[in-house]
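1. I need the structure of the sequence given here:
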Amino acid sequence: MVKQFDKSIYNSEINKDLTSQGVSKDRYRHHAELDSVINVTRTEVTENSNQDGVELIGSTKTPSSSKSSGGLKLSLKTKVTSLFITLGTIPVLLIGSIAYHLANQSITEEISQNNIARVVSLEDNLKGFIQDRYADIRFLATLPVFTNSSQQQTTSLSERQALLLNRYLDIYQVYDSIAVFDLTGKVIAKSNQTPVDNPSSRSYFEQVIKTKQPAISQPIHSDASGQLSLYLAAPVLDENTKKLVAVIQSRMPIQYLQDSINLMGSGREELYLINTTNGKIFLSNQSNILNQPLTKVFPDAKELLTADKPDTLVTSNRVKKHQDLLAYTPFSKINDLPDLPWVAVMATPDAIGRWPRYANAFLPQRQLLLTLTLGTSLTTLLVAAVAVYLANRLTSPLLAATKAVKALGEGELDTRLELVGTDELGVLGSNINRMASQLQTLVANQQASLNKAQLFAD
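-> This is a model prediction of the structure:
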């Protein structure tokens with residue numbers, strides 16, 4: 001049977017023992033930072049008590065599975081790692097995005113300007129070709145065989161035909177017919193036996209008679225040749241009276257302009273010439289869409305028909321089922337050449353899957369985006385790896401200190417930290433070790449005093 005002992009005698013012995021060691025009660029309480037409390041039972045011995053009836057209770061433990069009201073708690077290591085990754089990757093992503101945005105703008109502008117320059121070059125080539133044909137018809141209209149009335153009386157019709165053939169049809173080989181008409185549209189002279197259309201009802205013929213100035217028709221389907229053709233006409237004035245006596249006309253199949261189109265397109269870009277008066281494509285290196293309305297191919301490109309300056313447009317190609325970059329320019333007026341209500345268009349496919357068989361308008365942007373994406377991804381992974389490493393290095397001393405303090409709170413007073421360095425973390429570890437030593441000494445002394453009190457009680 002365990003005897004009861006006088007509590008006042010026990011307390012007196014404890015106080016004497018603490019006083020002999022120079023430790024006051026208040027100071028002892030300060031050392032118990034881990035909330036270790038010594039309870040002395042009177043007669044009961046529990047599982048956590050020693051054989052003398054003393055129970056050492058550690059600090060209250062929070063269940064590891066507990067959750068905060070806001071959700072699952074994150075460990076310090078996780079928080080530090082997340083912070084480091086965030087601080088490391090956000091600048092990389094931000095700089096990468098800004099770099100791509102600026103480079104993309106620059107490349108887009110360069111591509112657009114390059115395509116505009118090419119389509120303007122196409123316009124210049126076509127205008128130069130037509131200007132030469134315009135000069136041809138004006139020169140023919142001034143030949144004495146037509147303007148000198150005395151020569152007309154001595155020159156036979158066959159000789160005039162031979163003159164036209166020898167000088168132009170055989171030399172330039174871009175015309176399939178040259179003919180001279182009176183003011184009613186009746187043929188006066190013509191090249192070879194090539195059939196000609198009666199021009200009396202056509203607007204360009206009427207314009208020449210009315211203004212006495214050369215004129216160029218829009219592309220017209222010729223009933224005589226069965227081809228889409230361009231007509232150039234000029235007034236024939238009597239060199240003495242300056243009266244209009246006839247109209248000379250050359251007919252050039254529109255296909256002769258195709259050479260300029262083919263040279264510019266190089267088989268990759270799609271080139272179009274559009275007549276803005278009816279909105280139809282009259283010349284292209286895509287033969288399946290000739291004489292089709294522009295909006296049938298590019299539904300959103302109607303603004304091209306009223307354009308007054310070169311520009312670009314990204315729109316869908318209904319025929320090819322992909323996006324195109326359109327560079328276009330209206331035909332500007334040069335010298336005394338009549339206005340040509342035409343628009344030259346160059347379409348560059350913008351379809352990833354079609355490259356490299358077809359030109360890809362924005363391939364440089366995609367290459368840049370791919371490069372920046374790969375670079376940013378690799379940099380982000382590297383930053384994440386460095387962040388995890390640094391987080392481990394920085395939090396491991398704190399985690400070790402936390403683990404040690406928890407062990408001390410559970411009564412494992414022989415727990416010690418391995419000291420590394422002399423910084424704040426090193427000082428913290430040193431203080432924890434010193435506190436553990438002091439607690440271990442105090443508990444040992446208390447155990448000795450308790451044993452003395454037990455013996456006295458017996």
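2. where in this structure is pLDDT low?
-> Scanning the chain for pLDDT under 70 picks out 1-73, 149-162, 164-166, 193, 264-268, 350-363, 365-366, 421, 458.
3. and if we set it to 50?
-> Along the chain, the parts satisfying pLDDT under 50 run over 1-7, 9-10, 14, 18, 21-71, 351-359.
4. so where do the strands sit in it?
-> Assigned strands in the chain, in chain order: 37-40, 54-57, 177-181, 187-190, 215-216, 220-221, 228-237, 244-253, 270-275, 280-284, 311-317, 322-330, 342-349 (criterion: DSSP state E).
5. Of the ones you listed, which is nearest Ser82?
-> Judged by Cβ to Cβ, the one of the strands of the chain that comes nearest to Ser82 is strand 54-57, at 36.6 Å. The way it works is simple: take the backbone N, C-alpha and C, and place the C-beta from them, glycine included.
6. can you pull out the helices in the protein?
-> For the chain, the helices defined by DSSP state H occupy 7-20, 25-31, 76-141, 144-147, 149-154, 157-164, 170-172, 203-211, 258-265, 294-297, 363-409, 424-457.
7. Now tabulate those helices in a markdown table and tack on distance to Lys190 and mean neighbour count.
-> Converted to a markdown table, the helices of the chain look like this (distance: least, Cβ to Cβ, whole Å; neighbours: other Cβ atoms under 10 Å):
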| stretch | distance to Lys190 | mean neighbour count |
| --- | --- | --- |
| helix 7-20 | 137 | 14 |
| helix 25-31 | 125 | 11 |
| helix 76-141 | 12 | 16 |
| helix 144-147 | 13 | 18 |
| helix 149-154 | 16 | 11 |
| helix 157-164 | 7 | 15 |
| helix 170-172 | 15 | 11 |
| helix 203-211 | 15 | 16 |
| helix 258-265 | 25 | 17 |
| helix 294-297 | 36 | 19 |
| helix 363-409 | 53 | 15 |
| helix 424-457 | 106 | 15 |
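8. circling back to that earlier point, looking at the strands of the chain, which is buried most?
-> strand 342-349 (a mean of 25; mean count of other Cβ atoms under 10 Å).
9. what angle separates that one from strand 270-275?
-> 160 degrees (axes from the mean of the first three to the mean of the last three Cα atoms, to 10 degrees).
10. Can you tell me the strand partners of strand 342-349 and which way each runs?
-> Next to strand 342-349 in the sheet, as set by DSSP bridges, lie strand 270-275 (antiparallel), strand 322-330 (antiparallel).
11. Using PDB, write out every CA atom in it.
-> Output of strand 342-349 as PDB, limited to C-alpha atoms (Å, rounded to 0.1, in the frame of the first residue of the first chain):
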ATOM      1  CA  TRP A 342      -7.600  48.500-110.800                       C
ATOM      2  CA  VAL A 343      -6.200  47.100-107.600                       C
ATOM      3  CA  ALA A 344      -3.200  44.800-107.400                       C
ATOM      4  CA  VAL A 345      -3.400  42.200-104.600                       C
ATOM      5  CA  MET A 346      -0.800  39.700-103.400                       C
ATOM      6  CA  ALA A 347      -2.100  37.000-101.000                       C
ATOM      7  CA  THR A 348       0.300  35.100 -98.900                       C
ATOM      8  CA  PRO A 349      -1.100  32.000 -97.200                       C
END
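12. Other residues contacting that strand?
-> 115, 118-120, 122-123, 126, 264-265, 268-276, 294, 298, 304-305, 307, 317, 320, 322-331, 358-361 (Cβ atoms under 8 Å, 6 or more residues apart in numbering).
13. for stretch 251-259, same thing?
-> With Cβ under 8 Å, 6+ apart, stretch 251-259 has contacts from 126, 129, 133, 174-179, 196, 219, 222, 225, 227-232, 273, 282-283, 285.
14. change it to 7 Å
-> With contact meaning Cβ atoms under 7 Å, 6 or more residues apart in numbering, stretch 251-259 is reached by 126, 129, 133, 174-177, 219, 222, 225, 227-231, 282-283.
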